[in-house]
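Asker: Attaching a predicted model along with its sequence, questions to come.
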Amino acid sequence: MIRPRWFALVSGVALAATALVTTGASTSTAAPVRYESEAATISQGVVESNHAGFTGTGFVNFDNVVGSSVEYTVNAPAAGQYTLSFRYANGTTVNRPVDVTVNGALAADDLGFQGTGAWTTYQTVTATATLVAGSNKIKTTSATANGGPNADSLTIDTVQGPGPGGTPVSINGQLHVCGTKLCNQYNKPIQLRGMSTHGIQWYANCIKPASLDALATDWNADVLRIAMYIQEGGYETNPRKFTDLVHSYIEEATKRGMYALVDWHQLTPGDPNANLAKAKTFFTEIAERHKDKKNIIYDIANEPNNVSWAAIKSYAEQMIPVIRAKDSDGVVFVGTHGWGSLGISDGRTEADVINNPINATNFMYTFHFYAASHKAEYFNALSRAADRIPLFITEFGTQTASGDGANDFTNTQKYLDFLASKKIGWTNWNFSDDFRSGAVFKEGTCAGNNFTGTSVLKPAGVWIRDRIRTPDDFPTS
């Protein structure tokens, strides 16, 4: 990829396909199949093998021009949605995006292939596309004069289809805010229930195929909240790494028919404006990549604190248009002041928000509570606000505000009963094996691949799992 190359066109070549072995519980109806790039149809590129680490017999080096391409002929056992995983290397620091078409129709616009650090270092970028039964043409075309990355292979894997009754996304489709409620594609209010990850800089080992299979099919969760800290060793230390992690978790939630709640987990500093430029960069890429999915929800400020509501409102009114420019119909969440308490923990009240609402549409405000700490004053503020503004509980625990200590299941149930009566959705903190009582798994669980049932759960995990397993009825008419 260092200099432009001579034109090469390879056609009529039998495509090499290799069945892959997968570990953990399967989410597919068939084994994933790998197609080697060197056996595809290549336009303005050349097959090489001078950089170790490739699969098959080599890789395709795109010419450094707009329009160089690799076209794979793949066989789908049945019509439906498939995950497309492109393995590549990019030894430069420049993004080398490609357009992905499936049978001539655009499936992904400017799919990014960021630098991998060396030409011998390979990574994977994924996209989701609908294939027809039988033969399909999947073409990757360089979108800039830098050409594409060194293309090693394409793996296709079937996205898990709806089970009995369907998945949350297959039933509800694209969500939107109607009045003070979160509504489905039939314009009916629904309540989503699910789990939040712990910080992915610490507990990425808890988010893997086996645990996500358990969340989707054993817990029957509707939504996965992806908690990406900005500071505290998170996004700001390696934006590329953490953005790619979020991309991968979105794809995994999509495979399993769950909603993906992308959490910009700003905590310290408490003013979200301190990270405004970073947030614009991150959400521009996330929204561009996933704008055609029906399961994406954007949470642009986790827990603003020690900052005025006016400053949060200003931040939100700058950020929401950034997302809307890429994804016109995605629902956006905005954290309230006082660590998501409608201002109570900052000595304010919900009146700040109600009297000075954000100037935008299709968004919701978020509220957090920890039942052993947040008693009547917090519950009453939530009760007063519930019929005035659209709300979603993106974080709560049965313990103290530290996420630790004894469980107060009685007060938690009071909150959950109220939320069910108002169709207010929630995600619980947190889906990890952290030592604190608020982490649902026993310590050490995430080192293995057994996440089903109750034997691996702490008391809070048993209690929360039981309440997620009795989902909303998801009305369709």
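Answerer: Done, it's in. Numbers count the residues shown, from 1 in each chain.
Asker: Can you show me the helices along this protein?
Answerer: Taking DSSP state H as the test, the helices found in the chain are 168-172, 209-213, 239-255, 276-290, 309-324, 337-340, 351-355, 376-385, 409-421, 459-468.
Asker: okay, those helices in TSV with mean pLDDT and distance to Gly67 next?
Answerer: (Glycine included, C-beta is placed from N, CA and C.) Output for the helices of the chain, formatted as TSV (pLDDT from 0 to 100; distance: least, Cβ to Cβ, whole Å):
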stretch	mean pLDDT	distance to Gly67
helix 168-172	94	35
helix 209-213	94	37
helix 239-255	96	25
helix 276-290	97	21
helix 309-324	98	30
helix 337-340	98	48
helix 351-355	98	50
helix 376-385	98	54
helix 409-421	97	52
helix 459-468	96	48
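Asker: Buried deepest among the ones you listed, which one?
Answerer: Counting by mean count of other Cβ atoms under 10 Å, helix 337-340 has the highest mean neighbour count of the helices of the chain, with a mean of 26.
Asker: what does that one rub up against?
Answerer: Contacts to helix 337-340, defined as Cβ atoms under 8 Å, 6 or more residues apart in numbering, come from residues 270, 302-305, 307-309, 312, 343-348, 352, 366-368, 394-395, 401.
Asker: change it to 10 Å
Answerer: Taking contacts as Cβ atoms under 10 Å, 6 or more residues apart in numbering, the residues outside helix 337-340 that touch it are 267, 270, 301-313, 334, 343-350, 352-353, 365-370, 378, 381, 393-396, 401.
Asker: Please name the nearest non-neighbouring residue to the spatially most central residue of the chain.
Answerer: Within the chain, the residue whose C-alpha comes closest to the C-alpha centroid is Ile250; the distance, by Cα atoms, centre = their mean, is 2.8 Å. On the basis of Cβ to Cβ, 6 or more residues apart in numbering, the spatially nearest residue to Ile250 that is not a chain neighbour turns out to be Ala260, at 4.5 Å.
Asker: before we move on, what about Ile358?
Answerer: By the measure of Cβ to Cβ, 6+ apart, the closest residue to Ile358 outside its immediate chain neighbours is Ala316, 5.0 Å from it.
Asker: so the one you found touches Ala301, yeah?
Answerer: Yes. Between Ala316 and Ala301 there is a contact under Cβ atoms under 10 Å: 7.1 Å.
Asker: what touches both of the two?
Answerer: Here Ala316 and Ala301 have 272, 333-335 as joint contacts, going by Cβ under 10 Å, 6+ apart.
Asker: For the residues you listed, work out which two are farthest apart.
Answerer: Longest distance between any two of the shared contacts of Ala316 and Ala301 is 12.4 Å, between Pro272 and Phe333; criterion Cβ to Cβ.
Asker: Return the helix or strand in the protein with minimum mean pLDDT.
Answerer: Between all helices and strands in the chain, the lowest mean by mean pLDDT, DSSP states H and E belongs to strand 9-10, at a mean of 27.
Asker: Could you list the low-confidence segments of the stretch 1-150 of the chain?
Answerer: Within the stretch 1-150 of the chain, the stretches with pLDDT under 70 are 1-30.
Asker: ok, Gln178 - how many residues close by?
Answerer: That one is not Gln; residue 178 is Cys. A total of 14 residues lie near Cys178 under the criterion other Cβ atoms under 10 Å.
Asker: Next up, the contacts around it.
Answerer: Shown here is Cys178, whose contacts under the criterion Cβ under 10 Å, 6+ apart are 184, 187-189, 362, 390.
Asker: which of these are buried?
Answerer: Listed as buried from the contacts of Cys178 are 184, 188-189, 362, 390; burial here means 16 or more other Cβ atoms under 10 Å.
Asker: from these, which single one is nearest Ile42?
Answerer: Looking at those and their distance to Ile42, the nearest is Asn362, at 43.1 Å (Cβ to Cβ).
Asker: Could you pull out the strands in the stretch 101-250 of the chain for me?
Answerer: Remark: strands assigned in the stretch 101-250 of the chain by DSSP state E, counting those that start in this stretch are 105-111, 122-131, 134-142, 150-158, 176-178, 181-183, 193-196, 223-229.
Asker: gap between the two ends of stretch 138-155?
Answerer: Using Cα to Cα, to the nearest Å, the gap from the first to the last residue of stretch 138-155 comes to 11 Å.
Asker: tell me which residues in that stretch are buried?
Answerer: 138-143, 146-155.
Asker: which one of those is nearest Asp434?
Answerer: Distance to Asp434, by Cβ to Cβ, is smallest for Thr155 among the buried residues of stretch 138-155, at 32.7 Å.
Asker: Check the gap between that closest one and Ala118 for me.
Answerer: Between Thr155 and Ala118 the computed distance is 22 Å (Cβ to Cβ, to the nearest Å).
Asker: What of Thr41?
Answerer: For Thr41, the distance to Ala118 equals 28 Å [Cβ to Cβ].
Asker: neighbour count winner among these two?
Answerer: Neighbours around Thr41 and Ala118, counted as other Cβ under 10 Å, are more numerous at Thr41. The numbers are 17 against 12.
Asker: Quickly note the distance from the nearest residue to that one once chain neighbours are set aside to Ile138.
Answerer: Distance criterion Cβ to Cβ, 6+ apart; nearest residue to Thr41, sequence neighbours excluded, is Glu71 at 4.3 Å. Remark: distance between Glu71 and Ile138 (Cβ to Cβ) = 7 Å.
Asker: Residues in contact with both of these two, list them for me.
Answerer: With the criterion set as Cβ under 10 Å, 6+ apart, the overlap between the contacts of Glu71 and Ile138 is 40, 101.
Asker: residues touching Cys206, list them.
Answerer: If a contact means Cβ under 10 Å, 6+ apart, then Cys206 has 197-198, 200, 212, 430-434, 439-441, 445-447, 451 as its contacts.
Asker: Quick check on those: which are buried?
Answerer: Restricting the contacts of Cys206 to buried positions leaves 197-198, 200, 212, 430-434, 439-441, 445-446, 451, with burial counted as 16+ other Cβ under 10 Å.
Asker: Show me which pair in these is furthest apart.
Answerer: Leu212 and Asp434 (17.8 Å).
Asker: Looking at the buried ones among the contacts of Cys178, which is nearest Leu416?
Answerer: Proximity of these to Leu416 (Cβ to Cβ) peaks at Pro189, which lies at 16.7 Å.
Asker: and Lys139, how far is that from Ala105?
Answerer: Computed with Cβ to Cβ, the distance linking Lys139 and Ala105 is 10 Å.
Asker: before we move on, what about Trp202?
Answerer: Counting by Cβ to Cβ, the gap between Trp202 and Ala105 amounts to 41 Å.
Asker: So for those two, which residue has more residues nearby?
Answerer: Between Trp202 and Ala105, counted using other Cβ under 10 Å, Trp202 has the larger neighbour count: 16 against 9.
Asker: pretty sure Ile424 is touching Phe396, no?
Answerer: No. Contact between Ile424 and Phe396 fails when scored by Cβ under 10 Å: they sit 11.0 Å apart.
Asker: how deep is the residue nearest to Thr83 when sequence neighbours are not counted tucked in, by neighbour count?
Answerer: Using Cβ to Cβ, 6+ apart and skipping the chain neighbours, the partner closest in space to Thr83 is Asp157 (4.7 Å). Residue neighbour count, defined by other Cβ under 10 Å, stands at 22 for Asp157.
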